[in-house]
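**Student:** dropping the sequence and predicted coords here.
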Amino acid sequence: MQAIRAFIAGQLRQPPIWQLWAGMLWIVNGVVPLFFLGHTEALVVPAVFALCVAIGVGLAQKQQGFTKLIGLMHFPWFGLVFWLLPRLAHAPADTNFGQWLRMLLAMNLTSLVIDVVDVARYVLGDRAPT
């Protein structure tokens with residue numbers, strides 16, 4: 001429970017724009033899939049997202065808050081992205097399901113770019129809390 005509190009506390013210390021971004025990631029990865037439960041993707045995406053959150057909780061506890069290393073929590077999305085990309089061919093862009101997949105990929109890929117930069121900065125010595 002302490003680890004979850006550390007993760008939430010770290011989230012709440014983020015600037016409002018990052019809190020909004022994190023909230024949008026929660027919605028697109030964890031809530032919207034509930035509308036598409038007839039699709040395998042709607043089961044896999046929240047499962048991978050839960051793994052990401054578990055990693056984030058562990059990192060926040062280990063680091064005693066948020067550092068740029070917290071970006072590692074989203075690295076399972078690399079596998080998810082490569083699994084989802086070929087599935088777009090079977091999800092027309094003019095359907096709600098196809099629009100969700102495209103939004104999910106755009107947001108998760110954007111997050112991965114941010115995370116790779118943050119982790120690289122951490123490795124290069126920027127260890128301050130975010």
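**Tutor:** Received the coordinates, thanks.

**Student:** how about the residue nearest to residue 84 when sequence neighbours are not counted, secondary structure?
**Tutor:** Nearest residue to residue 84, sequence neighbours excluded (Cβ to Cβ, 6 or more residues apart in numbering): residue 105, at 6.0 Å. Using the backbone N, CA and C atoms, a C-beta is placed for each residue, glycine as well. For residue 105, the secondary-structure state derived from DSSP: H, G, I helix; E, B strand; the rest coil is helix.

**Student:** quick one: residue 105 and residue 27, what's the gap?
**Tutor:** Using Cβ to Cβ, to the nearest Å, one obtains 15 Å as the distance from residue 105 to residue 27.

**Student:** quick one: the helices in the protein?
**Tutor:** Ranges of helices within the chain are 2-12, 16-26, 41-62, 76-84, 96-123, based on DSSP state H.

**Student:** picking that back up, ok, now how distant is the residue nearest to residue 84 from residue 24?
**Tutor:** Distance from residue 105 to residue 24, by Cβ to Cβ: 14 Å.

**Student:** have a look at these two and say which one is more surrounded.
**Tutor:** Counted by other Cβ atoms under 10 Å, residue 105 and residue 24 do not tie: residue 105 has more neighbours, with 18 against 13.

**Student:** my read: that one touches residue 86, true?
**Tutor:** No - counting by Cβ atoms under 8 Å, residue 105 does not reach residue 86; the two are 11.6 Å apart.

**Student:** and for the closest residue to residue 12 other than its chain neighbours, the neighbour number?
**Tutor:** Excluding its sequence neighbours, the residue lying closest to residue 12 (Cβ to Cβ, 6+ apart) is residue 19, at 7.3 Å. Using other Cβ under 10 Å, residue 19 has 13 neighbouring residues.

**Student:** how about residue 93?
**Tutor:** 10.

**Student:** who's in contact with it?
**Tutor:** Contacts for residue 93 (Cβ atoms under 8 Å, 6 or more residues apart in numbering) come out as 99, 102.

**Student:** once you drop chain neighbours, what's closest to residue 107?
**Tutor:** residue 28 is the one closest to residue 107 (Cβ to Cβ, 6+ apart), at 5.5 Å.

**Student:** cheers, nothing more for now.
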